[in-house]
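# Build me a model from this:
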Amino acid sequence: MFLNIFARRAFGAIIRFIWGKMEFNKLSARYAELLVSIGLNVRPGQLVNIGAEAIHRDLVAAITAASYRAGAKYVNVDLTDPRIARSRIQDSDGRHLSFVPKYISGKYGELVDEQAAN
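This is a model prediction of the structure:
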């Protein structure tokens, strides 16, 4: 009998988790549409730049999809992990902290020139 009660509770928890995940996905998609249409004001043919922490990748994926549906020409996504930035600060030679690769300034220069939504 205890096992039966435990199984029912476990099954209920699994169903609540799945239902919650489905609701989160629906809400994320709606939130992404709102961000793209109102917050970013993405226009057809426009570039979009998204910077976020890796933990938010599900929301970033929803924003990316909404941006393409709004007509974005290209969506650039930069996912970061604070642990990597911390490692650079703590573990690298301090003389190298001011170094920025040329491709980064080139990429952001193009995004500015193209008036990318950001």
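# Who does residue 51 form a beta bridge with?
residue 78 (DSSP bridges).
# Could you report the pLDDT at the residue positioned nearest the centre of the chain?
Residue closest to the average C-alpha location in the chain (Cα atoms, centre = their mean): residue 60, at 2.5 Å. For residue 60, the model assigns a pLDDT of 95.
# try residue 27
Per-residue confidence at residue 27 stands at 84 (pLDDT).
# do the same with the one 4 residues further on
Predicted confidence (pLDDT) for residue 31: 90.
# and what of the one 5 residues further on?
The predicted local distance difference test score for residue 36 is 95.
# Excluding residues flanking it in the chain, which one is nearest it?
residue 66 (4.2 Å; Cβ to Cβ, 6 or more residues apart in numbering). To be clear about C-beta, it is placed using only N, CA and C from the backbone, and glycine gets the same treatment.
# does residue 81 really touch residue 57, like I thought?
No - counting by Cβ atoms under 8 Å, residue 57 is not a contact partner of residue 81; they are 10.7 Å apart.
# tell me the secondary structure for the residue nearest to residue 107 when sequence neighbours are not counted?
Nearest residue to residue 107 in three dimensions, chain neighbours excluded: residue 76, at 7.4 Å (Cβ to Cβ, 6+ apart). Judged by DSSP: H, G, I helix; E, B strand; the rest coil, the three-state class of residue 76 is strand.
# do the same with the one 10 residues further on
Reduced to three states with three-state DSSP, the structure at residue 86 is helix.
# Would you check that residue 62 makes contact with residue 32?
Yes - the pair residue 62 and residue 32 passes the contact test of Cβ under 8 Å, sitting 3.8 Å apart.
# Pretty sure residue 37 sits against residue 69.
No - judged on Cβ under 8 Å, residue 37 makes no contact with residue 69 at a distance of 9.9 Å.
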